[in-house]
Every structure is written in structure tokens, then in C-alpha cells.
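Visitor: Coordinates for the following, if possible.
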Amino acid sequence: MAKKGKRYREALARIQEAGGPFGLDDAVRLVKETAGAKFDESVDIDLRLGVDPRRADQMVRGTVTLPHGTGKTVRVLVLASEGKQAEAREAGADYVGLDDLIEKIQKENWADYDVVIATPDVMGKVGRLGRFLGPRGLMPNPKSGTVTMDVGETVRQVKAGKIDFRVDKFGNLHASVGKASFSEEQLRDNAQAFLREVMRLRPSAAKGTYVRSVTLSTTMGPPVPVDRNAVVSSAR
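Guide: Numbering: from 1, shown residues only. Sure thing, here's the model as predicted:
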């Protein structure tokens, strides 16, 4: 494991001295206070869930629109037939097309986009991109709202801060809830919106403790442990 820098070690010592786990307000404050990179770091939330993702009835996957956005510029690719392409462009999609862009992805492994939206009528063609988009978590899917005829509204939602999340094979869930430059209130609001949706999606087949641990961190900073019980209560 690579040795952590002085700034990271100092931030970690400060968090450890403060005790914890922390309520969400205190965790957000600590994350902001210990953000020390020379760029505007992302603020990430990580959960360990008491689910078995290998079982279809315990998969946790969804979308949520963060009230204050992510602070990131999201590049949106729309794959649609000509009848929907103008709508996508008007809504602010960065790349719009079909056969030409599918070919570009296949031949060049092109990946200069963050979200891919497709209309249902072209999924027969888009399906060929599974081996390119699947490993990056970018394959359009009806469950995440990225296969839709309502292209314009979906593009606007994504640009405004709609995020897609999915539990990994180890039961971990990860999402970005803003930037270190956000106010404490903005970060708290975004984190609560995310947590409320995760709680709402609790599978009925999941037994025992659903949320096992929660941490907040910046891109370059150490994790701040969040009080699981306080999070569960505030997310209801």
C-alpha cells in the first residue's frame, strides 16, 4: 500500500482526535475542514449494506436527483433515432447520434462521456455496445431511467444532478454528493436525499441490519465515520 502524504496523515489524526462516529452535520463539517487538495475535491459517501447482491431480490439500484447537483460537468451521450435527436440537442446533450457514434465506440473505444441515454427503439443496436459500456457501468438500462422516450427531460435531469447508483458485488454503495466548495448545508441536503432513496429501496428479502456502515470523504482525504443510527433516523 502506498504511503499516505503528510496532509492526509494530519487530516486523519484530526478526525481520530475528534472521536466519532459522527452525526451527519458534524461529519460534513469535518470533511470540509480536512479537505486540503489544490483542486475542488469531490465529496463521496460510501455505505456498506447488509445485502447479498448475488441474489436478484437483494439488488439495490436506483437514481436520485441531488437538490444541489453534484458540482460536476456531466457529459451526456444520447443514442436515438433521428426523430428524437433534435429534442436531445435542445435539452443540452453533449453528443447525439446513432450509427455513427456506435461505430465510433466500437472502433475507437471512445469514452468521452459520463452518462449514456438511449431510446427503446434503438436498443437492438445499442446492445452491441455491452462489452464497451457494461464494464464502465454506462450501459443504458430502463431501471436507471436511461432507456426512455422522454429524452429531453432525462437529459435535463442528469445535467441538473441526477445520479445513478448500484451496489457492488461486495455490498458496497458509492456516490458523489457534491464538492468540497459546497456549503455544509448543501452537502448535508444532498447526502440526506441520497440516503433517503437508499433506505426507500431496502429489499424486503434483506434481513438484519441494512445499513452497516457509512463514511464521508473527499477525493484525497481520509474517511469520516458517520453514525449509522443517526443516518437511518434522519433518512426516514
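Visitor: in this protein, which spans are helices?
Guide: 6-18, 24-33, 82-91, 99-108, 123-126, 130-133, 151-160, 184-200, 228-234 (DSSP state H).
Visitor: So which residues lie in contact with the first one, not counting its own?
Guide: Taking C-beta atoms under 8 Å, 6 or more residues apart in numbering as the criterion, the residues outside helix 6-18 that touch it are 4, 26, 30, 33-34, 36, 220-222, 224. In this view, the C-beta of every residue, glycine as well, is placed from N, C-alpha and C.
Visitor: Kindly supply the ChimeraX command isolating those of those that are buried.
Guide: Selecting only the buried entries of these in ChimeraX, with 16 or more other C-beta atoms under 10 Å as the criterion:
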select :26,30,33,34,36,220,221,222,224
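Visitor: what's the most distant pair in the contacts of helix 6-18?
Guide: Taking every pair in these and measuring C-beta to C-beta, the maximum separation is 23.0 Å, between Lys4 and Asp26.
Visitor: List the contacts of Leu173.
Guide: 46-49, 60, 165-167, 198.
Visitor: what does the lowest-mean-pLDDT helix or strand in the chain contact?
Guide: Ranked by mean pLDDT, DSSP states H and E, the weakest helix or strand in the chain is helix 228-234, scoring a mean of 79. The contact list for helix 228-234 (C-beta under 8 Å, 6+ apart) reads 21, 23-24, 192, 195, 199, 210-214.
Visitor: Columns pLDDT and distance to Ala91 on top of the residues you listed, output as JSON lines?
Guide: Below are the contacts of helix 228-234 laid out as JSON lines (pLDDT from 0 to 100; distance: C-beta to C-beta, whole Å):
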{"residue": "Pro21", "pLDDT": "93", "distance to Ala91": "41"}
{"residue": "Gly23", "pLDDT": "94", "distance to Ala91": "39"}
{"residue": "Leu24", "pLDDT": "94", "distance to Ala91": "33"}
{"residue": "Gln192", "pLDDT": "94", "distance to Ala91": "28"}
{"residue": "Leu195", "pLDDT": "95", "distance to Ala91": "29"}
{"residue": "Met199", "pLDDT": "94", "distance to Ala91": "31"}
{"residue": "Tyr210", "pLDDT": "95", "distance to Ala91": "36"}
{"residue": "Val211", "pLDDT": "95", "distance to Ala91": "35"}
{"residue": "Arg212", "pLDDT": "95", "distance to Ala91": "39"}
{"residue": "Ser213", "pLDDT": "95", "distance to Ala91": "38"}
{"residue": "Val214", "pLDDT": "96", "distance to Ala91": "34"}
